[in-house]
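Peer 1: Here is the input, now give the coordinates:
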Amino acid sequence: MRVEMLGIVVDFGPVRAVDHVDLIVETGEIRGLIGENGAGKSTLMNVLAGSFGAKDGEIILDGRKVHFTGVKSAMASGIRLIHQELNLCNDLRVFENMYLAQELIDKMGLLDKKSMIERAAHVFERMGVNIDPTAHVSDLQAAQKQLVEIARALLFKCDIIIMDEPTTALSNYEISNLFKIMRQLKDQDVTFIYISHKMPEIFEICDTYTVLRDGKWISTGSISDVTEQEITEMMTGKTNLADDFSRRISAKTEVIAMQAEMLSSKGFEDISFDLHKGEILAITGLQGSGRDDLADALFGVIPHSGILKVNGKIIKGGIRGFLRHHIAMVPRNRKERGILNDLNIYDNMSMGYFNTRMKDILIKPNKEKSRYIKQKLALDIRADNAKNLITSLSGGNQQKVILGRWLEADADILLFDNPTQGIDVGTKFEIYHLLLRLAAQGKTILVFSSEFPEIMKVADRCMVLYKGKMNAMLERKDITEERMMLYSTGANFNADLHTKELQNVPTAK
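Peer 2: Numbering: from 1, shown residues only. Below is the predicted model of the structure:
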């Protein structure tokens, strides 16, 4: 189905979110819709999906002008939007979520649960994922919930599928399966509009691109005719954004800030390492490598055996005990684990201080404001009013608020778990420079990430996990995407792969 959006204008009060944007996508095309947070991507797609109307402009499907009165009318025209935010009911089963408001009815007028379960199972089988349609959504992991959202769109054979950051919580294997399904559907004339901040994904799956900036159309073309650098410059309006991180000077000292000896818990075992003051140590691995569990253990979220020392002192207890040793975490899945949606920016930032350093009986607004202004300036947090809900901020600014929370708590060791998840490319570079600046100020940093390019930009060393064990510890000069993937997949255990490259890289014993 060919879709044309012509002269679309969307205003939110005095703010123009989309400014006379044209978007024309051909049948069977995969279009990458690219832009920084706030560029208007999701707003434009919400108009196409019927979530709200435009102030001006028109939508034409296969030469026929349409007007959507809501999401159901857009879905009736074959358009479905997979939101970045999970939109599932945890108390319902998987198949009930997939058929919500579109249930199948049998001849007796009753719910045809058997057919719904069978059809849902068939979609999962096509996707190559193992999810039980009768399982409760509350029992699923975040990645599985994302796959249910995708399966729900595939279930109804939509002609136009809009995907807004669909791979945020997916493993490489699951992403590969998703792309395989997208290509199959593309051959069946299904049209995709794909929103992502991950440039490698855009260049792998998309045929064409459209760049938006500040609500305006910037460029459209074939993905094969541009480079990642060119796309980045179009998104940000800046040149030379990709600084040469390889020439940076490490702030690592000889002082050992954290020492782990034979740490084991669920998901990992026998992990040992020394972490130096001012060092940035990256820890990577594929889904199931134990990376997430190790991150949780190093912040006291889950118990562990073995010995963990900070400044020579053994740490025991849960999160509060770790906080007392000046350890803090900027967690993965920011919206589920990092922010409190119902609190404003002030309170989200102040929570760390309240729990670790506050001596006053009552909260003093002037002090709270002073702490906020200090971190706002230091971290370049872009917020109009700190009394607004934290959800009013972009993902990158929410991440900065969480970091400011722990800097106000006087944390010396900072754990960043998937720090640039759901953040646009311009803000990613801000976060990278921020990590380097914190290390230069004497902070000790652990970065848990599966994004190899960002590891190469910031890490002094990189620990690679495979099946819960440390497979290699790479020095900065040895950190390449090829080596990280080699050790992440366990390919070094293949006798045929003992090449000169492998012999030159220290493997964990």
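
Peer 1: Can you report how many residues lie near Ser488?
Peer 2: For Ser488, the neighbour count with other CB atoms under 10 Å is 21. Yep, even glycine has a C-beta here, placed from its N, CA and C like the rest.

Peer 1: what's the answer for Met351, then?
Peer 2: Residues near Met351, counting by other CB under 10 Å, number 17.

Peer 1: So it versus Ile431, what's the distance?
Peer 2: Plainly put, Met351 is 21 Å away from Ile431 if you go by CB to CB, to the nearest Å.

Peer 1: where are the low-confidence patches of the stretch 351-500 of the chain?
Peer 2: Judged against pLDDT under 70, the low-scoring parts of the stretch 351-500 of the chain cover residues 353-358, 360, 494-500.

Peer 1: Show me where it has its helices.
Peer 2: If you assign secondary structure with DSSP state H, counting those that start in this stretch, the helices in the stretch 351-500 of the chain sit at 365-379, 395-408, 425-440, 452-458, 481-489, 500-503.

Peer 1: distance between the fifth one and the chain's centre?
Peer 2: When you say that, I think you mean helix 481-489. Mean-position distance between helix 481-489 and its chain equals 21 Å (CA atoms, centre = their mean, to the nearest Å).

Peer 1: tell me what it is packed against?
Peer 2: helix 452-458, strand 461-466, strand 469-475 (3 or more CB pairs under 8 Å, 6 or more residues apart in numbering; DSSP states H and E).

Peer 1: Please work out which of the ones you listed is packed deepest.
Peer 2: Across these, averaging neighbours per residue (mean count of other CB atoms under 10 Å) puts strand 461-466 on top, at a mean of 25.

Peer 1: Quickly run through the sheet partners of that one, with directions.
Peer 2: Partners of strand 461-466 in the sheet, by DSSP bridges, are strand 280-284 (parallel), strand 469-475 (antiparallel).

Peer 1: Tell me which of those sits nearest to Glu454.
Peer 2: Of all the strands paired with strand 461-466, it is strand 280-284 that lies closest to Glu454, at 8.4 Å by CB to CB.

Peer 1: Kindly tell me how buried the nearest residue in space to Leu415 that is not next to it in sequence is, as a neighbour count.
Peer 2: Residue nearest to Leu415 in three dimensions, not counting chain neighbours: Met329, with 4.2 Å by CB to CB, 6 or more residues apart in numbering. Each residue near Met329 was counted by other CB under 10 Å, and the total is 26.

Peer 1: Confirm for me that Met329 is in contact with Leu294.
Peer 2: No. Met329 sits out of contact with Leu294 when judged by CB atoms under 8 Å, with a separation of 12.0 Å.

Peer 1: can you list the weak-confidence ranges in the stretch 1-150 of the chain?
Peer 2: Screening the stretch 1-150 of the chain residue by residue with the criterion pLDDT under 70, one finds the ranges 85.

Peer 1: And the strands in it?
Peer 2: Remark: strands assigned in the stretch 1-150 of the chain by DSSP state E, counting those that start in this stretch are 3-12, 15-25, 30-34, 56-61, 64-66, 79-82.

Peer 1: do you know which of those lies nearest Leu308?
Peer 2: Closest of the strands of the stretch 1-150 of the chain to Leu308 is strand 79-82, at 40.2 Å (criterion: CB to CB).

Peer 1: Output stretch 113-123 as CSV, nothing but the C-alphas.
Peer 2: The C-alpha coordinates for stretch 113-123 follow below in CSV (Å, rounded to 0.1, in the frame of the first residue of the first chain):
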residue,chain,number,x,y,z
LYS,A,113,-10.1,-19.1,22.7
LYS,A,114,-8.9,-22.2,20.9
SER,A,115,-8.6,-20.4,17.6
MET,A,116,-7.0,-17.3,19.2
ILE,A,117,-4.4,-19.4,20.9
GLU,A,118,-3.7,-21.4,17.7
ARG,A,119,-3.3,-18.3,15.5
ALA,A,120,-1.1,-16.6,18.1
ALA,A,121,1.1,-19.7,18.4
HIS,A,122,1.4,-19.7,14.6
VAL,A,123,2.7,-16.1,14.5
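
Peer 1: buried residues in it?
Peer 2: Using 16 or more other CB atoms under 10 Å as the burial criterion, the residues of stretch 113-123 that qualify are Lys113, Met116, Ile117, Arg119, Ala120, Ala121, Val123.

Peer 1: try stretch 84-104
Peer 2: With the criterion 16+ other CB under 10 Å, stretch 84-104 contains buried residues Gln84, Leu86, Leu88, Arg93, Val94, Phe95, Glu96, Asn97, Met98, Tyr99.

Peer 1: Output these in TSV; the columns should cover distance to Met199.
Peer 2: Supplementary listing: these in TSV, determined by distance: CB to CB, whole Å:
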residue	distance to Met199
Gln84	17
Leu86	24
Leu88	28
Arg93	37
Val94	32
Phe95	35
Glu96	37
Asn97	31
Met98	31
Tyr99	36
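
Peer 1: if you look at these, which of them are in helices?
Peer 2: With helices identified by DSSP state H, the entries of the buried residues of stretch 84-104 that belong to them are Val94, Phe95, Glu96, Asn97, Met98.

Peer 1: Just the element for Ile162, please.
Peer 2: Element membership for Ile162, per DSSP states H and E: strand 160-164.

Peer 1: So what are the sheet partners of that strand and their directions?
Peer 2: Paired neighbours of strand 160-164 in the sheet (DSSP bridges): strand 79-82 (parallel), strand 191-195 (parallel).

Peer 1: Now do it against strand 56-61, angle only.
Peer 2: In terms of direction (axes from the mean of the first three to the mean of the last three CA atoms, to 10 degrees), strand 160-164 departs from strand 56-61 by 130 degrees.

Peer 1: and Lys41, what does it touch?
Peer 2: When contacts are counted by CB atoms under 8 Å, 6 or more residues apart in numbering, Lys41 is found next to Leu33, Ile34, Gly35, Asp164, Ile195, Leu212.

Peer 1: Closest one of these to Cys462?
Peer 2: Here the nearest of the contacts of Lys41 to Cys462, counting by CB to CB, is Ile34; it sits at 28.4 Å.

Peer 1: Tell me, how many residues neighbour the closest one?
Peer 2: Residue neighbour count, defined by other CB under 10 Å, stands at 28 for Ile34.

Peer 1: which non-adjacent residue is nearest Val129?
Peer 2: What sits nearest to Val129 in space, not counting adjacent residues and going by CB to CB, 6+ apart, is Leu147, at 5.4 Å.

Peer 1: Can you report how many residues neighbour the one you found?
Peer 2: Neighbour tally, Leu147, other CB under 10 Å: 25.

Peer 1: from memory it sits against Asn130, does it?
Peer 2: No. Distance between Leu147 and Asn130: 9.9 Å, which falls outside the contact criterion (CB under 8 Å).

Peer 1: what do those two both touch?
Peer 2: Shared contacts of Leu147 and Asn130, defined by CB under 8 Å, 6+ apart, comprise Phe124.

Peer 1: Under a three-state scheme, what state does the residue nearest to Arg126 when sequence neighbours are not counted occupy?
Peer 2: The shortest distance from Arg126 to any residue that is not its chain neighbour, by CB to CB, 6+ apart, is 6.6 Å, and that residue is Ile181. Put simply, Ile181 is helix when judged by DSSP: H, G, I helix; E, B strand; the rest coil.

Peer 1: ok, now which ones touch Arg183?
Peer 2: Taking CB under 8 Å, 6+ apart as the contact definition, Arg183 lies against Ile205.

Peer 1: From Leu275, how far off is the closest residue to Met1 other than its chain neighbours?
Peer 2: Closest residue to Met1 in three dimensions, ignoring its sequence neighbours and counting by CB to CB, 6+ apart: Asp159, at 4.0 Å. In this structure, Asp159 lies at 52 Å from Leu275, with CB to CB as the measure.
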